[in-house]
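# sequence and predicted structure below; questions after.
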Amino acid sequence: MLYLARRKEKMAILTEYDALKLENQLCFPLYACSRSIVNMYTPFLKPLGLTYTQYIVFLVLWEQDGITVGELGTKLHLDNGTITPLLKKMQDKGYVTRVRSKSDERVVIVSLTEAGRALREDALKIPHEIGQCVPLTPEEAGILYNLLYKLLEAF
């Protein structure tokens, strides 16, 4: 079996053992870039008392308040074991409420409190600040965005 790898802007044919090299893994640059970009958020989120995962929960809720835990998990690609303690912490801070649905007690609805809605104003500058830290042209960022969502849709 032959594998392709990117080396100095040229595609090379590699042996099957070359596929085990870190430099030939698609997963590694995705992982490393993801960690780096998430870490860029820390100086902007820390003053708000938020983690990156809490921030992305807010992004969903600011767009669609009153969403079920299941819908929230689906949008964020998070399982219940991750999202439930996260939401509990956010509720303890007074940012969200979690209420069981009257029509189906298995369903929990997450809604923003006034404090959670107010935090939106404090977060307005974050996307622009992060955009300034990413060394891509708008066109490159658009291509990357589309490719990443193409991958996400496959999972």
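Structure's in. What do you need?

# who touches stretch 42-55?
The contact list for stretch 42-55 (CB atoms under 8 Å, 6 or more residues apart in numbering) reads 38, 41, 58, 78, 82, 86, 89-90, 93, 119, 122-123, 125-126, 129-130. C-beta: built from backbone N, CA, C; applies to glycine.

# and what of stretch 90-106?
Against stretch 90-106 from outside (CB under 8 Å, 6+ apart): 49, 54, 57-58, 61, 68-69, 87-88, 107-113, 115-116, 119.

# buried ones among the residues you listed?
Neighbour-count burial (16 or more other CB atoms under 10 Å) applied to the contacts of stretch 90-106 gives 54, 57-58, 61, 69, 87, 108-110, 112, 116, 119.

# what would these look like in JSON lines with secondary structure, pLDDT and distance to Ser34?
Converted to JSON lines, the buried ones among the contacts of stretch 90-106 look like this (DSSP: H, G, I helix; E, B strand; the rest coil; pLDDT from 0 to 100; distance: CB to CB, whole Å):
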{"residue": "Gln54", "secondary structure": "helix", "pLDDT": "98", "distance to Ser34": "17"}
{"residue": "Val57", "secondary structure": "helix", "pLDDT": "98", "distance to Ser34": "17"}
{"residue": "Phe58", "secondary structure": "helix", "pLDDT": "98", "distance to Ser34": "19"}
{"residue": "Leu61", "secondary structure": "helix", "pLDDT": "98", "distance to Ser34": "22"}
{"residue": "Val69", "secondary structure": "helix", "pLDDT": "97", "distance to Ser34": "24"}
{"residue": "Leu87", "secondary structure": "helix", "pLDDT": "98", "distance to Ser34": "22"}
{"residue": "Val108", "secondary structure": "strand", "pLDDT": "96", "distance to Ser34": "28"}
{"residue": "Ile109", "secondary structure": "strand", "pLDDT": "97", "distance to Ser34": "30"}
{"residue": "Val110", "secondary structure": "strand", "pLDDT": "98", "distance to Ser34": "25"}
{"residue": "Leu112", "secondary structure": "strand", "pLDDT": "98", "distance to Ser34": "27"}
{"residue": "Gly116", "secondary structure": "helix", "pLDDT": "98", "distance to Ser34": "26"}
{"residue": "Leu119", "secondary structure": "helix", "pLDDT": "97", "distance to Ser34": "24"}
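
# having no further points to raise, I will conclude here.
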